[in-house]
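Peer 1: Structure for the following, please:
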Amino acid sequence: MLGNNLREFRQSAGLGVTELAKLAGCDKSMISKIEHHKVVPSAKLMVRIANVLGKPVWRIFFQPDVESEETSGLTGQGDSSNGKA
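Peer 2: Below is the predicted model of the structure:
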């Protein structure tokens, strides 16, 4: 989901919300809103944030989070075992 990976990458980089906002040229409330799924950032802001974090835009904003992938994998396995009965 949009924003989930932003928090992880920001924290991994050792940056607070205020620090990332300053480096990316936006308000700290914008970073918080992105992380809490209240707003979708512009393409320009996505690029600026990605540059600060040293990651590709898709990795931060468009790659599904690990929990979603694990959940969907487990659901698929459960469905196939139900066909036995």
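
Peer 1: Low-confidence regions, this protein specifically.
Peer 2: Across the chain, the stretches falling below the confidence threshold (pLDDT under 70) are 1-3, 66-85.

Peer 1: could you pull out the strands for it?
Peer 2: Secondary structure of the chain (DSSP state E): no strands present.

Peer 1: Could you pull out the helices in it for me?
Peer 2: 4-12, 17-24, 28-35, 43-53, 57-61, 66-82 (DSSP state H).

Peer 1: got these as CSV, with mean neighbour count columns?
Peer 2: Where you see a C-beta, it was placed from the backbone N, CA and C, and this is true even at glycine. Supplementary listing: the helices of the chain in CSV, determined by neighbours: other CB atoms under 10 Å:
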stretch, mean neighbour count
helix 4-12, 17
helix 17-24, 18
helix 28-35, 18
helix 43-53, 17
helix 57-61, 17
helix 66-82, 10
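
Peer 1: quick one, phi psi at residue 14?
Peer 2: phi 70, psi 30 (degrees, to the nearest 10).

Peer 1: What is the burial count for it?
Peer 2: 7 (other CB atoms under 10 Å).

Peer 1: how close does it get to residue 21?
Peer 2: Using CB to CB, to the nearest Å, one obtains 15 Å as the distance from residue 14 to residue 21.
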